[in-house]
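In: What would the 3D arrangement of this be:
(chains A and B)
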Amino acid sequence: MKKNYILLIILFVLSLGCIIFTYNDHFLYQTPIMRVTSIESKNITEDKYEEPLYVQTIKGTIMNGEYKGKTYETINSYTKSLVMDDKLTKGSEVFVELSNDGSDLLGIHGVKRDKYLVILIVIFIDLIIIIAGRKGFKTLLSLIVNLGITAGSIILFMNNYTKMNLLLLYFIVSIIYIVVSLFITNGKSKKTLAAILSSITSLLITFGLSFILIKINESNLYIWNIDYIEAVYDYNNYLYVCVLLCGLGAIMDISITISSALNELIEKDKKIKKDALIKSGKEISKDIVGTMINVMLFTCYTSVIPTIVIATKNKIPFTNAMDFYGGLELMIVLCNCIGIVLTIPISLFISIWILNKKKEVMKK
Amino acid sequence: MNKILLIILFILLLLVGKKRGIKTFITFIICFALIGLYIILMRFGFNAIILAFITCILASIISLFFLNGLSPKTLAAFFGVLIVQIITFILIAIISVRANIGPFGEESLETIAGYNLNINYNMMNVVIGVYLVSIVGTVIDTSISVASAMNEVKENNPKLKEKELFKSGMNVGGDILSTTINTLFFALVSVFIGFFMWHRGMSFEQVINYKLFVYEVVELLIAFIGSVIIIPVSALISSKMLTNKKSDILVDKIRTTIKSAFGD
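Out: Residues are numbered from 1 along each chain as shown, chains lettered A, B, ... in the order given. Model prediction:
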């Protein structure tokens, strides 16, 4: 018990250290950073019926580089709707451009946001370790490995985007994701093997089905509404990769839930019949599938809301906006919901097959 | 296209889940309609954050009580979701306002080209609301999983004390955590392929301060944090409600009020 307290204190000190460090990491940056020391906002809208426009007069001190400590004065403007602009407050830190001799401030180039990312990351890591302990640590490890695989694959593609097929790359990467994350969190066992095999099979079948359905309707889709698609040279394949990756975690989730539940049942009662296994497997999956589908809907679909809000505020009819900006995202969600439901029979079948084999081996 | 997919989904749910499958499908449709209603009401200028809270509450009512029935365990899961939504709201609001996060940048100019961006509606509130709605699915999922498992434990060992029950709830929570985090990670990861392709020349220090990058990463982190905090909250409320006889009376009271209000 005492050891735990010491570990917690170390964790707490480390976290605090990280946050304090990022609040004072200006020396790491090449671009000059200005901290706002005083600010005055004024509404300069003349017409009452127009959207309010504010101008801020800012005084600030440079925090790094050659002109550290020097103060400048500049202005920043923002509208009430804040669609594209930043509303600064006292204590905000912004990247600025200075003239060569340091006499003038030429402009503001965005807000320093790294510290907020670090705060959230630290909160997440602390919470997961305090709440879930060793299991939380394993989860973090698998998350870090997945991040590494993602970063590696993105760098690989960035450097070879003319030669490489994006879809093929992410097919291979998906299989690596499945094998690695299921191994890390569940260890080497028959149940992990069953989960891996059923995840891969479900992924292939789901993707095959979505691929055919999307291919048939390809001419009706307006794929330019996927974020950043103009930058990915492999346009159509980028859409397929979005479909492929979106439900991958959910498919793994259902596979491992079913295979560990069946494993538990077999362990408790070695003589359990196949029908009984299928029946209880179905019961378990009925419970998880409903909330899982809603997780997909809320997590994936909500990213299109801001765009639809802009469109409807510009008097575009609601149904048209939903169709035009949300149609593709809904399609991705639905393809993956179908995948989630399909995973249930597939992983039931594969888990029973593999786990039953284990029984026979034991008999021998 | 989406109609065909919906029909396929319906048939599959019917085959796998029978009656429960139909209920699942109806829940999905209602949740989608709730998101639609959320957008429509924003168009008429209501406050985006209040609307988001209402959407979250309605979504949890539907997916907890309609899908799983009214019982002490679903009631406990519901209170857990409420508390976690409030906690995460405070965190999201502070971070989003301080960091000036926004969903639009120069990349989106093509998508929203031709629109007047001075919509006289605070986009910061929309961002906070969207974050809140986007995590509600996973928070509900974890909450009901923890509460259900604890209910199961309680039924098998009726003499279990509050403290022991809480411990087993935390244990179950730890078990489902890794798959939940995985699900969220993959649901949101594909956007980063496009982001880094777009900004191939960007340096590390530019990326971690970039408005859209921070927006996407915060969405991921908030979802992670929400699905972690719900574990102790749901375990605590469930351990209190499942060991207390008053919660059964409360459930009965709610049931009779609903019956008297809606007839049957």
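In: Please confirm that residue A:61 is located within a helix.
Out: No. Counting by DSSP: H, G, I helix; E, B strand; the rest coil, residue A:61 is not part of a helix but strand.
In: Which residues are in contact with it?
Out: Counting by Cβ atoms under 8 Å, 6 or more residues apart in numbering or on different chains, residue A:61 touches A:34, A:35, A:37, A:69, A:70, A:71. C-betas here are computed from N, CA, C, even on glycine.
In: Distance check, it against chain B.
Out: Look at residue A:61 and chain B: by Cβ to the nearest Cβ, to the nearest Å, they are 19 Å apart.
In: How confident was the prediction at that residue?
Out: As predicted, residue A:61 sits at a pLDDT of 91.
In: Where does the prediction get shaky in chain A?
Out: Per-residue confidence of chain A (counting by pLDDT under 70) places the weak regions at A:1-2, A:358-364.
In: what about the helices in it?
Out: In chain A, the segments counted as helices under DSSP state H are A:2-23, A:114-159, A:166-186, A:190-216, A:235-246, A:248-268, A:274-301, A:305-313, A:318-363.
In: so which of those comes closest to residue A:30?
Out: Closest of the helices of chain A to residue A:30 is helix A:114-159, at 14.0 Å (criterion: Cβ to Cβ).
In: so what does that closest one touch, helix or strand wise?
Out: When contacts are defined as 3 or more Cβ pairs under 8 Å, 6 or more residues apart in numbering or on different chains; DSSP states H and E, helix A:114-159 sits against helix A:2-23, helix A:166-186, helix B:72-99, helix B:162-198, helix B:211-243.
In: Which residues does the shortest one contact?
Out: Helix A:166-186 is contacted from outside by A:138-139, A:141-142, A:145-146, A:149-150, A:153, A:156-157, A:192, A:195-196, A:199-200, A:203, A:232, A:234, A:237-238, A:240-241, A:244-245, A:248, A:252, A:256, A:260, B:178-179, B:182, B:186, B:193, using Cβ under 8 Å, 6+ apart.
In: Go ahead and produce PDB holding the CA coordinates of stretch B:7-15.
Out: Output in PDB follows, covering the C-alpha atoms of stretch B:7-15 (Å, rounded to 0.1, in the frame of the first residue of the first chain):
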ATOM      1  CA  ILE B   7     -32.100  -1.600 -44.700                       C
ATOM      2  CA  ILE B   8     -29.200  -4.000 -44.600                       C
ATOM      3  CA  LEU B   9     -28.400  -2.900 -41.000                       C
ATOM      4  CA  PHE B  10     -32.100  -3.400 -40.100                       C
ATOM      5  CA  ILE B  11     -32.200  -6.900 -41.600                       C
ATOM      6  CA  LEU B  12     -28.900  -7.900 -39.900                       C
ATOM      7  CA  LEU B  13     -30.000  -6.600 -36.500                       C
ATOM      8  CA  LEU B  14     -33.300  -8.500 -36.900                       C
ATOM      9  CA  LEU B  15     -31.500 -11.700 -37.700                       C
END
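In: Give me the buried positions along that stretch.
Out: Buried residues in stretch B:7-15, counted by 16 or more other Cβ atoms under 10 Å in any protein chain shown: B:8, B:9, B:10, B:12, B:13, B:14.
In: which of these lies closest to chain A?
Out: Nearest to chain A out of the buried residues of stretch B:7-15 is residue B:12 (Cβ to the nearest Cβ; 4.3 Å).
In: Can you report how many residues lie near the closest residue to that closest one other than its chain neighbours?
Out: Spatial nearest neighbour of residue B:12, excluding adjacent residues (Cβ to Cβ, 6 or more residues apart in numbering or on different chains): residue A:341 at 4.3 Å. Residues lying near residue A:341 (other Cβ atoms under 10 Å in any protein chain shown) number 28.
In: sorry, back to before: please indicate which of the contacts of helix A:166-186 are buried?
Out: Buried members of the contacts of helix A:166-186, scored by 16+ other Cβ under 10 Å, are A:138-139, A:142, A:145-146, A:149-150, A:153, A:157, A:192, A:195-196, A:199-200, A:203, A:232, A:234, A:237-238, A:240-241, A:244-245, A:248, A:252, A:256, A:260, B:178-179, B:182, B:186, B:193.
In: Centre-most residue in chain B?
Out: In chain B, the residue lying closest to the centroid (Cα atoms, centre = their mean) is residue B:136, at 1.0 Å.
In: just checking, that one is part of a strand?
Out: No. Looking at residue B:136 with three-state DSSP, it is helix, so not inside a strand.
In: Excluding covalently adjacent residues, which one is nearest to it?
Out: Nearest residue to residue B:136, sequence neighbours excluded (Cβ to Cβ, 6+ apart): residue B:56, at 4.4 Å.
In: Please apply the same query to residue B:186.
Out: Once flanking residues are discounted, residue B:186 sits nearest to residue A:249: 3.6 Å by Cβ to Cβ, 6+ apart.
In: again, but for residue A:290
Out: The shortest distance from residue A:290 to any non-neighbouring residue, by Cβ to Cβ, 6+ apart, is to residue B:24 (4.0 Å).
In: how near is that neighbour to residue A:45?
Out: Residue B:24 sits 50 Å away from residue A:45, going by Cβ to Cβ, to the nearest Å.
In: More neighbours: these two, which one.
Out: residue B:24 (28 against 13).
In: Take the buried residues of stretch B:7-15 and lay them out in JSON lines including secondary structure and pLDDT.
Out: Formatted as JSON lines, the buried residues of stretch B:7-15 follow (DSSP: H, G, I helix; E, B strand; the rest coil; pLDDT from 0 to 100):
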{"residue": "B:8", "secondary structure": "helix", "pLDDT": "93"}
{"residue": "B:9", "secondary structure": "helix", "pLDDT": "93"}
{"residue": "B:10", "secondary structure": "helix", "pLDDT": "93"}
{"residue": "B:12", "secondary structure": "helix", "pLDDT": "92"}
{"residue": "B:13", "secondary structure": "helix", "pLDDT": "91"}
{"residue": "B:14", "secondary structure": "helix", "pLDDT": "91"}
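In: any idea of the angle the helix or strand encompassing residue B:143 forms with helix B:72-99?
Out: Following DSSP states H and E, one finds residue B:143 within helix B:123-156. Angle of helix B:123-156 versus helix B:72-99, following axes from the mean of the first three to the mean of the last three Cα atoms, to 10 degrees, is 150 degrees.
In: Give me the mean pLDDT for helix B:123-156.
Out: Averaging pLDDT along helix B:123-156 gives 92.
In: which helices and strands sit right next to that helix?
Out: Packed next to helix B:123-156, using 3+ Cβ pairs under 8 Å, 6+ apart, are helix A:274-301, helix A:305-313, helix B:2-43, helix B:48-61, helix B:72-99, helix B:162-198, helix B:211-243.
In: Of all the residues in it, which ones are buried?
Out: Within helix B:123-156, the residues that qualify as buried by neighbour count (16+ other Cβ under 10 Å) are B:123-151, B:153-154.
In: Would you mind putting the helices of chain A into a markdown table with distance to residue A:225 alongside?
Out: Output for the helices of chain A, formatted as a markdown table (distance: least, Cβ to Cβ, whole Å):
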| stretch | distance to residue A:225 |
| --- | --- |
| helix A:2-23 | 35 |
| helix A:114-159 | 22 |
| helix A:166-186 | 18 |
| helix A:190-216 | 14 |
| helix A:235-246 | 10 |
| helix A:248-268 | 22 |
| helix A:274-301 | 13 |
| helix A:305-313 | 8 |
| helix A:318-363 | 6 |
